[in-house]
Each structure stands twice: as structure tokens, then as C-alpha cells.
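K.L.:
need a 3D model of the sequence below.
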Amino acid sequence: MNSLTVRMARQSARHPWRAIVGWLVFVVLCLGLGSAAGMNSAKTADYRVGEAGRAEALAAEAHLERKSAEQVLISARTGALDRGAATAAAQDLTARMKKLPEVAGVAAPLLSKKHDILMVEVSIKGEEREADGKVAALVAQTEAVQKAHPRLLLQETGSASTSKGVDDQRDSDLALSEKITLPITLLTLLVVFGSLTMAAVPLLLALSSIAAAVGLSMVASHLSPDTGVGTNVILMIGLAVGVDYTLFYLKREREERARHGGRLASEALVELAAATSGRAVVVSGLAVVASTATLYLASDVIFSSLATGTIVVVLVAVASSLTALPALLVLLGRRAERRAARRAARGKPVRRRHGDAGGRLWGALLRPASRHPLATLCVSVLALLALVTPLAGLKITEMSRDTHSREIPAMRVYDRLNEAFPDQRVTHQIVVRADAGRAGEVTSALRKLARLADNDRLFAGTSQIRTSADHRTSTLELRVPYLGNSDEAYDSLDHLRDDYVPATVGRIDGAEYGVTGDVARYADYPDHQNSKLPLVLGALLLVTFAMTMYAFRSVVLGLLGVVLNLLSAAAALGMLVLVFQNTWAEKLLDFHSTGSIGSRVPLFLFVILFGLSMDYQVFVVSRIREAALAGVPTRQAVLEGIRSSASVVTSAAVVMTTVFASFVFLHIIEMKQIGFVLAAAVLLDAFVVRIMILPSAMLLLGEASWWPSRGVRRKATTVDHSASDRPVVDVR
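P.N.:
Modelled structure (predicted):
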């Protein structure tokens, strides 16, 4: 790995302009290929899981699937509703909608029980996931009818208009996030480097990596379809790791420059950085990729999309730090050398940086671990375990339309719809497939099921039984007068699946059947995820152990890495439960608690946190191992390695925290939860795990930390006179 990183750095350093132009061409090529390939968005079938998914597939094969629908509410602007005017507006709307090629049908107008709202439901042709791109035509006709009937108020809602509203809100939120993140990141880097030019390098490389990753993700979407969240992840993870990797490399090059005091050329300094931090960047990147790849085992299209976006942007960020970055460092180094030569020619002293200005600070922070490692370890671990305890009360649910921000206009209309037409809130669809000769028996069983539901207070009515042209598939829809995320809605599903369906269509020999609908989807997805959880977590722990053991040739450090990552991730998820399942932080973070966590959030976060924790683990322990291989005793190597890497780890943590914290300002509750936990986890990992727990554990383990690696232990038992010139770092 060293030879690879050094060879790449050497080539870039010798031909810097060629490397930079090559990188820019690569970025443009990625964007060009992505634009040519286009984005392959996930289809409705890609989201199907569990019984609900199987029932949807049966209905779709028979062309009996439920269509995406839009509801237009017609009401008076003030006072009572003019029934005649409302009926005329509904007729106008119906006539206009039926002319649209996007419309499958328009239902007869329905009057609310209070006689104050007239509702027209419009069905959209095609797949449910494609309705977002068609809804604009329907909205345009609603607006046209509104202009023709100014005394009335026409408002539209539905799954498609709500989804479009969520997308628009997400785009607006991301623009705000960028406005917050980029300046703060640049300011942080400016403080770290004291130079605008040097501060701009990590940011520019990260942004170019994000651009290339977006293009490559479009190409990758033809292998793993995109669900609309890939770009969000690329932006969030790309900016964080892109700046991190560049920062690790940059700081090491500056350290080598200061250590050699101008005696080495920029090309040699870059090679030294490549042999150490370059290797750490590659190992860290591969660790994140390997960890994230375990999400594919979840067999879920959204997890696969998240994994693809993360893997692509991390690999591109690693590539930029190994190719474009060495070239930029050489060009900047040559410029600095020319300035130094001019100053020397004028008889002015050459300004050089010496040592680490934050040495005393990090010495103070490391003092508890160095003086009292056992006590520090126990207190730190107990503190994190205290944060883990709320995780026992974790409640996950599928975030439904009911959880979207009410700043979306379609959601406010949705609330009016639910209030005026309670029996339209939730619909269960029972799908049955049997031999064509049993069509009469199936119809009779479905009618019996409808009668059972009519006597149950959880149900509000039935629809007509529909049968496919080949008489093999039939469907029945049952309405529920409760919100989709309510206990009553879930109880109604249980009544169907546990009692009514088995007692009716379940008795037909050879029949395939199932219950689908929004509530069924919300119930089946967590069950599907829980069934995959042991496989994903087992693979994650195994990958983390294998990567750590490979990087440091130590079983002990491999096990320690798994334990520390597990503890850090669990503590962060405990904070997630503490904050978002309760109401005390609602005003502080601007959200409405649902009393639960988004079903996809914990697993995604757990995997990503393991990968990101490996960044710091690899970088910090690499510095410790480097010192130990140079002959420094393990105790001294631990303190020196952590102290020498503390400033860059802290700077990287601040940048990562800024990036992730900006997502807390988003309106989408799941993105808010992800941003909060990632920001909290990075701070815990950088300031508790790497400053308190890791040094304490390694000091207590001593030489056993390197078992079974012989190289480090052999160095520890011999006197290395070359190490006598190394700076002594002890904080006792």
C-alpha cells in the first residue's frame, strides 16, 4: 500500500500540471458520462417488501394495482359554500382533467358531512413512483379552474403533489445547508492553516470530488436504482470525508516541511506524506467503503441507494487525495520556496513554523489518560454507556406522509382532507389470486370479508370488488377512518391479517392472497429490516475487525476497534432516542416528535458511524504505530501519536460536525435525525473515544496492543538510537 501511494504521489509531484489537468478532465468526464447515462430512478416494484409487497405484485400483474390519486378540495373563501357554484367548478375541473393524457379517471364529486367542502379525486396513469413527474399538469388545471372561479377556493393534495412538495423543500433545505456549511468550513480551515490558499485546497478538492461522484452515481444507478436520496448523501458524506482526507494529507506535509527546515524539496516532502498519511487515507477510505457495502445485505432499495452514493463519493475523495492533492502541494510548495529564496536574497529571515502551538492544550487533555488510565477508561466508558441506555426504548416506524412538514402546502390541504373526509384517510387492499374456475368462490369470500369489516368499528366502508380480465385475480378495498400512523390503523390491519382474511379467502385451496396499502407498508418494512439486521450487523463487525487487523497487523487492535466503534455508535443512537422520541427538544431543533425514529435511520447511521469512526481510528493508531516502529516505547508512542494527530483530528471533527449539523436545519425529519446523530457521534468519537478511551486502553494493554505483530514488539525490546532525536512527549 505504501508503494502504491508513494508511486502515485511521485508521478503527480513530478508532473503537477499534468495531474491537475488530468483530475479536472476526470471530473468533467464523470459529469458527461452521468448526463449521457441519465439517472435511473427506482420503480414502484423496487420498494416492495413483505406481504404488502407480494400483494402489490399480484395486483400489478393483473392490472388491478391502486393508482396514485390527487384530491382537489373546493370550498368557499368566506361564509357558506355555494353548492351551485361548487358543482359548476367541479364539472369544469372534471372536464379539464379527463382531457389530460396523464389522467386515468376522475371520480364523481363527494360532499363533506358538514356540506362545506366538495372533493374531486383524480387518478393518475402509470406507476405510483412516476406520478411525481405528471402531477404538474394536474396542478396547472386546478389553477386554471381557480382563476375561472375566483369566489371559490380550490386546493390540491395527494401522494404525488406531496412528494413533489417534499422534493422542492429538500432542494431548498440543501441550498440553505450549503450556504451554512461552506463558509464555516472555509473559516475552520483558515484557522487551521492560517492561509486562505491552503484553506481553499481541501474545500475545492471536496467539491470537485462531489461533482465527479454525482456523475458516477448516475452511471451506477443503472446497476442500483436511485431513490432520490443519493445526491443528499453524496453532498453530506463527500464534503465531510473529502475535507478530512485532504486535511490528513496536508497537515502531514506541513509537519514534514517544518521538521526538515527547507532541506528537502517539495517533491520529497509529498512522498513522505504519501508514505504515511497517504496510506492512512487509503485504508480509511477502504474501511468506509467495506463498512457501507454491508448495507446491500439489507435487500432494500433505499439502503442500496444510500450505500452506492456513499461508496462512490468516498472512492472519488480518496482518488483526489492521491492524485490532484500531491500536485497542488508541490505547486504551492514551489511557490513558498521561491518566496523564501527572494526573502533570503534580500537578507530577510525565512519564517518557519516550529512545533505544535496546541501542544500544551493536548498535553492537558491527555493528562488524565496518561496519569490514571484505568480510572479514565472506566469513567469514560460508563459515561458512554449512560448515553446508550435510552437505546433500550428505541421505537422505529416507517415515516409516512403524516410526518412531513406542514410548511408544504399540499400537507396543509391533506390535513383539511382528513378532517372533512375521515373515511378517506386509510385504505387497505386485499388481493387474491386463484384459478379462474374459482372466481365465484373468491368473490363470495371477499363479500363475506366485507360483511365482517362492516361490523367492526375500525372500518368505515368497502369498495366494489374488482376482478381481472382473466378472472384469476380479485381485489377488495376497505376504508379506515383513522390516520395511517395511528394505533387504530395498525389494529385494523391486524384484524384483517390475523382474523378476517384467514377466515374467508384463506380457506380457498391454492389461493394466493395478501393485504397491502400504506399501513401494510408501514408495518412490513420494519419487520423486513429486523429480519436482515443480524446479517448486516454481523457482516459489519466482521469487516471492521478484518480491516483494522489488516491495517495494524494486530488482533488486539482489531477487537479494540470493534468495541470502540460499537460503543461510540450505540451512544450516538442513544442520544437520537433521547432527543427525537421525546418532546423536550422540539422547539430547540424545530421538529414535531412522532415518539419514534424513522425505520431506516438507525441501521444506516450504525453502518455509517462505523465507517467514519474508522477514519479517526486508522489515522490516530497509524501515528502511534509509526512511532512504535521507530523504536519508541509503547507508552511514549501512544502519547506521542495521539498528541501529534490531535490537532488534525480535532480540525477534521469540527469540519465534519459543521457539515452534519447543517442537516439539522432541514425540514425532513429523517434527514434531521441523521444530521444530528452524525454530528454528535463525530464529537463523541474525537473528544471522548480518541482522547480518553483509546489512549487509556492502549496504555493499559502496553506491548500486548500489537499482538501478534512481531515487528512492533521486537522494536520495543531493542534500543533504537535513531529514535533519540525524536521529540519527547510526556504529559505526566
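
K.L.:
count the residues that sit near residue 290.
P.N.:
Applying other C-beta atoms under 10 Å, we find 20 residues neighbouring residue 290. For every residue, glycine as well, the C-beta is placed using N, CA and C.

K.L.:
residue 541 is in contact with that one, correct?
P.N.:
No - in this structure residue 290 lies outside contact range of residue 541 using C-beta atoms under 8 Å: 11.9 Å.

K.L.:
and the gap between residue 306 and residue 242?
P.N.:
According to C-beta to C-beta, to the nearest Å, residue 306 stands 18 Å off from residue 242.

K.L.:
compare the two (neighbour count), which wins?
P.N.:
residue 242 (29 against 26).

K.L.:
so what's that one up against?
P.N.:
Residue 242 is in contact with 202, 205, 206, 207, 209, 210, 313, 317, 320, counting by C-beta atoms under 8 Å, 6 or more residues apart in numbering.

K.L.:
would you map the helices across the stretch 301-450 of the chain?
P.N.:
301-322, 324-345, 359-371, 373-388, 409-420, 439-454 (DSSP state H, counting those that start in this stretch).

K.L.:
what's the answer for the stretch 451-600 of the chain, then?
P.N.:
Taking DSSP H, counting those that start in this stretch as the criterion, the stretch 451-600 of the chain carries its helices at 487-495, 501-503, 518-552, 555-580, 586-589.

K.L.:
ok, the stretch 101-250 of the chain next?
P.N.:
With DSSP H, counting those that start in this stretch as the criterion, the stretch 101-250 of the chain has helices spanning 135-148, 159-193, 196-220, 230-260.

K.L.:
winner for burial among those?
P.N.:
Mean neighbour count (mean count of other C-beta atoms under 10 Å) peaks for helix 230-260 among the helices of the stretch 101-250 of the chain, with a mean of 25.

K.L.:
next SSE after that helix?
P.N.:
Using DSSP states H and E, the helix or strand that follows helix 230-260 towards the C-terminus is helix 266-273.

K.L.:
thinking again about what came up before, just flag the most distant two among the contacts of residue 242.
P.N.:
The most widely separated members of these, counting by C-beta to C-beta, are 202 and 313 (14.8 Å).

K.L.:
what bridges to residue 516?
P.N.:
Counting by DSSP bridges, residue 516 forms beta bridges with residue 429.

K.L.:
count of neighbours near it?
P.N.:
Quick note: residue 516 (other C-beta under 10 Å) scores 27 neighbours.

K.L.:
so who does the residue nearest the centre of the chain touch?
P.N.:
Closest residue to the average C-alpha location of the chain: residue 233 at 5.1 Å, with C-alpha atoms, centre = their mean. Going by C-beta under 8 Å, 6+ apart, residue 233 touches 306, 309, 310, 313.

K.L.:
repeat that with 7 Å
P.N.:
By C-beta atoms under 7 Å, 6 or more residues apart in numbering, the contact set of residue 233 is 306, 309, 310.

K.L.:
for the first one, give me its contacts.
P.N.:
Okay, so that is residue 306. Taking C-beta under 7 Å, 6+ apart, one finds 229, 233, 295, 604 in contact with residue 306.

K.L.:
name the nearest of those residues relative to residue 487.
P.N.:
Closest to residue 487, out of all of the contacts of residue 306 and judged by C-beta to C-beta, is residue 604, at 26.5 Å.

K.L.:
quick check: residue 591 touching residue 669?
P.N.:
Yes - assessed by C-beta atoms under 7 Å, residue 591 is found in contact with residue 669 at 5.9 Å.

K.L.:
check what pLDDT the nearest residue to residue 210 once chain neighbours are set aside gets.
P.N.:
Distances taken as C-beta to C-beta, 6 or more residues apart in numbering place residue 238 nearest to residue 210, at 4.1 Å, with adjacent residues excluded. Looking at residue 238, its pLDDT reads 90.

K.L.:
ok, residue 238 - contacts?
P.N.:
206, 209, 210, 213, 313, 317.

K.L.:
again with residue 294
P.N.:
Contacts of residue 294 (C-beta under 7 Å, 6+ apart): 536, 539, 540, 543, 607.
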